[in-house]
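> Return a 3D structure for these sequence lines:
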Amino acid sequence: MLYLVFLKQPPSLVRAVGQSVVLPCVASGLPAPSIRWLKNEEALDTDSSERLVLLAGGSLEISEVTQDDAGTYSCVAGSGNETIEAQAELTVQAPPEFLKRPASLYAHESMDIVFECEVTGKPAPTVKWVKNGDVVIPSDYFKIVKEHNLQVLGLVKSDEGFYQCIAENDVGNAQAGAQLVILEHDVAIPTLPPTSLTSATTDHLAPATTGPLPSAPRDVVASLVSTRFIKLTWRTPASDPQGDSLTYSVFYTKEGTARERVENTSRPGEMQVTIQNLMPATVYIFRVTAQNRHGSGESSAPLRVETQPEVQLPGPAPNIRAYATSPTSITVTWETPLSGNGEIQNYKLYYLEKGTDKEQDIDVSSHSYTLNGLKKHTEYTFRVVAYNKHGPGVSTQDVTVRTLSDVPSAAPQNLSLEVRNSKSIVVHWQPPPPATQNGLISGYKIRYRKASRKSDVTETLVVGTQLSQLIEGLDRGTEYNFRVAALTINGTGPATDWLSAETFESDLDETRVPEVPSSLHVRPLVTSIVVSWTPPENQNIVVRGYAIGYGIGSPHAQTIKVDYKQRYYTIENLDPSSHYVITLKAFNHVGEGIPLYESAVTRPHTVPDPTPMMPPVGVQASILSHDTVRVTWADNSLPKHQKITDSRYYTVRWKTNIPANTKYKNANATTLSYLVTGLKPNTLYEFSVMVTKGRRSSTWSMTAHGTTFELVPTSPPKDVTVVSKEGKPRTIIVNWQPPSEANGKITGYIIYYSTDVNAEIHDWVIEPVVGNRLTHQIQELTLDTPYYFKIQARNSKGMGPMSEAVQFRTPKASGSAGKGSRLPDLGSDYKPPVSGSNSPHGSPTSPLDSSVLLVLIVSVGVVTVVAVVVVAVFCTRRTTSHQKKKRAACKSVNGSHKYKGNAKDVKAPGPVDPPRKRPRAHTVADLCVRCLGHESEDSMSTLAGRRSMRPKMMMPFDSQPPQRNAHPIHSLDNPHIISLSSLASAARSHLHHPGSPWPVATSMSLSDRANSTESVRNTPSTDTMPASSSQTCCADHQDPEGATSSSYLASSQEEDSGQGLPTAHVRPSHPLKSFAVPAVPPPGPPTYDPALPSTPLLSQQALNHHLHAVKTASIGTLGRSRPPMPVVVPSAPEVQETTRMLEDSESSYEPDELTKEMAHLEGLMKDLNAITTA
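Next up, the predicted model:
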């Protein structure tokens, strides 16, 4: 047997009306397949149609196609029990055709007329109007109404001419014309007014007779003036004081234009009219004339009226479009309103699922938005409202779109099998639930196999909405498994579970009805009766099922049919203490057999105690945590000691009012309190209690309310986007939406950004954002550089998770815009590839190579440490006695020396005034942080010389004062350790490095905390200081007034010497604690001193040296834009510089100092051994 396959499938085609089309379809298989065609899931009759011809091989030819031939064609090939199907879409196009042509019109000046034009065609034709060969441009007086009709308001003589309606599409074009004739006012219109004259101008067109005409109406006034309409009133003319038979015409024009319009009264004797559709804050001129049966009389004096100004709200957003992009997403686009009335601040997109009445909305700042997570193959309506500073504007019209279809997400329902005979089984099923069909069900796929062994699966395709299928050619007395799956044009959905049925050993007799069941038993209850039975004794007659009849006194009131395999059934919803007669009959296709009768009396119903229970009182809700509430109450039906001695129990129910349709949740308790868990953080709940004892229950108690505590956000900010600021290529704007699970009031955000997406998080630059703002600017970025951004939200409980990284490349110098994109999820275990991990040919290194490499690393480490010890001993012997005294005054724990002219300090031009002194209290931690240890610098100078320093900023973001702790940090290759705050809680008092087990704390004075609400955001500039100024530290020294202290620790990273100097941008905009930041230099190119090996971010000022004082940075307020803080990373020093530094620091160690130095080096050796052995 050859598999059934298509050799050629029909493609989707487009044809014009009158053309011919051939849909090819060729299939191969053994036995030879038969081919039939379906159109829109209905079989095509090619034998009785002259235009439909089935060609040899199975292709379909359609001659002279019409629009009725458009649709979906399916080629179904069948061979044995196997069928396959291929579909193609035939689109038929038609040229434009007029359904209603414009008619020629006669009219007077000031009248309004409408030329009607209705066309059809596929694709839908575009329509334009032409007057005397010139295209009509829509304006205030020429309007396109009702899709294609042309309306002309306030006719003037120049409007006379020949008008053409031209329709065209991709297939062809068509045109129709009509003439407009403007008559003089004293000339009657020759025919009855056509339907295209508007209602305002169709009165009084009959020819006038000779006679006296009325005088001008008196006292014309504007009794009501609004923004868009004016109501005019007047008195009858003096010539006709009664005026019962007079009609009136109001002529009006916009001041400054010659085009006059007219509005007529609706009935004789009416002396008021309301003029609609006016423009706000516009001057109009009105005049009124009266008409009698002889004609129109004198005109009243012109009345000048100005409409009221309108609040400058935006108009509707034009060109709103919505289209489905996937089965669960729809994109909506629109344009800026034509009458924006000022700057548009944002838009609100409203959407509504069809069949529901709950409209949802979302704020959008751009002209498009994609909604995700929608239901598949479901219609939604959308509208957009623009907002400016005055509020919401006019809403757009609703647009409706349906999400794309998809494969069904659920299996068919109610699968059942009916054994017909020894060789056939009928399979029955119901469609999947409507909400899971995800499109139009185009068919079903049935798979079956023998259950005795792992046999091949046979597949049968059922086309259309058929819900049963006869499976023939089965083996006798064999059990088969069946399953069914639904199909859409997108594919096959999930299948049902396997259901088994066994064919008969031999074909049973179904030429007569079954015999009587062998037994029938009933067991009555209060409101139900359980019926059980056994099948007929003669098993050679087919039984398809059993019919159960029952009723009070008669078995024919109700009838229920059950499956032939069933042996019992419970009859529900019966009356207590009632006598029922029950009958049981077996049936097959021939009919029902002989019945078997039985009777039963239902049990009496016990009447409950009518005394109602009293509801619990004093219900209280005590908040224990963010998800737990303890509910307590009292029961007045209990004794005073409130001790429960009976079997009563209490039911506690609770719910939240957001959303409003939330259902109650219930729980039972046997005590006077209950612990409700699993609640949502920062959510208001209501609680009530009822008591139940036996069959009695109380009403619900009065409700108690409680709001759960807040919790750190459990989801990141969403919809993070990055755009460049127009006109400022080095400034970007980050936008985002609040997290879905804020779990409290959002008090701020933290923006992380870096040029390396794989960098450790403590190496990213941070930007704090205070409050619930959803946008932030970052300035002074490097041009044409990719940046990566992440955002954290925080509330009063701490920080939430970070968002996914969003990439953005800053524009080039030419001003090209960068684009932001979301990175794929790399996973928590992702690590960037490391060179050298493979052999030159790409294979892993052998175990012997790894051992040799480990020995080499250990050897080089030992040699390096020995060299460090020798250099340290040599250098310390040249220390001057003056330096020894200073070293004895303060023992450094962690830090680095600062040499003269290091860090390429940026000098501020002009003299620097030394700041005033003020007393300052020092703690031990203050002195230890300020005197950053000499031993670490000396012992690791050779290593530090080969590395560049990348400074990082320790930035606490909470207002609580930090604990003053100082802990030594041991490291093998970092003389400067950066520790970034975890930023997880406002209560944490120290900073912790994610990759290091040693916490680091900062010490701050009272003045530091006093300025903790201000942010630092300046470009540092430091004066060059002598080496002695950074090495002097005394416990009794006083800081200069105005200087604030902070610790800036740097972590080193190896870089090539040929690389450009990197710049670290530190731009806090959160109310941070103050730092000692140098003053901002005046504009101009900065000057740099020669580079030295060690570069702290900020220089430590000598406490007794006032010549080179460090200026305190100005403190910027929140929201103020500041330039970034560049930190230049120096390269290795010249040999002459290093030699001079060593000579300046030569001295001898005292024995006790040398002993401490050696003990410190031993600690470093132990750390090295621990790392190499690990």
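
> Helices of the protein, residue ranges please.
For the chain, the helices defined by DSSP state H cover 434-437, 847-876, 881-889, 924-930, 934-939, 941-945, 1006-1010, 1027-1031, 1135-1144, 1151-1173.

> which residues does Q437 contact?
Neighbour list for Q437: 377, 408, 431, 486, 488 [criterion: CB atoms under 8 Å, 6 or more residues apart in numbering]. From N, CA and C alone the C-beta is placed, and that goes for glycine too.

> and the residue nearest to V522 when sequence neighbours are not counted, how far is that from L520?
Of all residues not flanking V522 in the chain, A600 sits nearest, at 4.5 Å (CB to CB, 6 or more residues apart in numbering). To L520, A600 is 11 Å away according to CB to CB, to the nearest Å.

> and Y387, how many neighbours?
The local packing of Y387 (other CB atoms under 10 Å) involves 16 other residues.

> Hmm, it is touching N346, no?
Yes. Proximity of Y387 to N346 meets the contact threshold set by CB atoms under 8 Å, at 5.3 Å.

> Report the buried residues of stretch 717-725.
Residues of stretch 717-725 classed as buried by neighbour count (16 or more other CB atoms under 10 Å): 717, 720-724.

> again with stretch 233-248
Neighbour counts over stretch 233-248 (16+ other CB under 10 Å) mark 234, 236-237, 239-240, 243, 246-248 as buried.

> Point me to the residue sitting farthest from the middle of the protein.
Ranked by distance from the centre of the chain (CA atoms, centre = their mean), the top residue is G211, with 75.9 Å.

> Check the gap between the closest residue to that residue other than its chain neighbours and P214 for me.
Take G211 and drop its neighbours on the chain: the residue closest to it by CB to CB, 6+ apart is H294, 3.6 Å away. According to CB to CB, H294 and P214 sit 9 Å apart.

> who's more crowded, these two?
P214 (23 against 13).

> how much space between the residue nearest to G211 and V220?
Per CB to CB, H294 is found 22 Å from V220.

> for T336, same thing?
Distance from T336 to V220, counting by CB to CB: 42 Å.

> returning to what we had before: now, which of the buried residues of stretch 233-248 sits nearest Y106?
If you rank these by distance to Y106 using CB to CB, T247 comes first, at 20.6 Å.

> wait, isn't that closest one in contact with P268?
Yes. Contact status for T247 versus P268: in contact at 5.3 Å, counting by CB under 8 Å.

> so what's in contact with these two at the same time?
Shared contacts of T247 and P268, defined by CB under 8 Å, 6+ apart, are absent.

> List the buried residues in stretch 49-67.
52, 54, 58-60, 62, 65.

> Just the terminal-to-terminal distance for that stretch.
Across its full length, stretch 49-67 reaches 16 Å end to end, with CA to CA, to the nearest Å as the criterion.

> how far out from the middle of the chain is that stretch?
A distance of 49 Å separates the C-alpha centroid of stretch 49-67 from that of its chain, computed with CA atoms, centre = their mean, to the nearest Å.

> cool, stretch 171-184 as well?
Stretch 171-184 sits 51 Å away from the centroid of its parent chain (CA atoms, centre = their mean).

> Then stretch 502-519?
Remark: stretch 502-519 is offset 62 Å from the chain centroid, using CA atoms, centre = their mean.

> Kindly report the same for stretch 297-316.
Put simply, stretch 297-316 sits 46 Å off its chain's centre (CA atoms, centre = their mean).

> ditto for stretch 445-452
Offset of stretch 445-452 from its chain centre (CA atoms, centre = their mean): 44 Å.

> which one's the longest strand in this structure?
Counting residues, the longest strand found in the chain (DSSP state E) is strand 82-100.

> Now for G618: which residues touch it?
632-634.

> so how far is Y685 from it?
Distance, G618 to Y685, by CB to CB: 18 Å.

> rewinding a little: confidence score at the residue farthest from the centre of the chain?
Note on G211: pLDDT of 77.

> Show me the beta-bridge partners of R36.
V76 (DSSP bridges).
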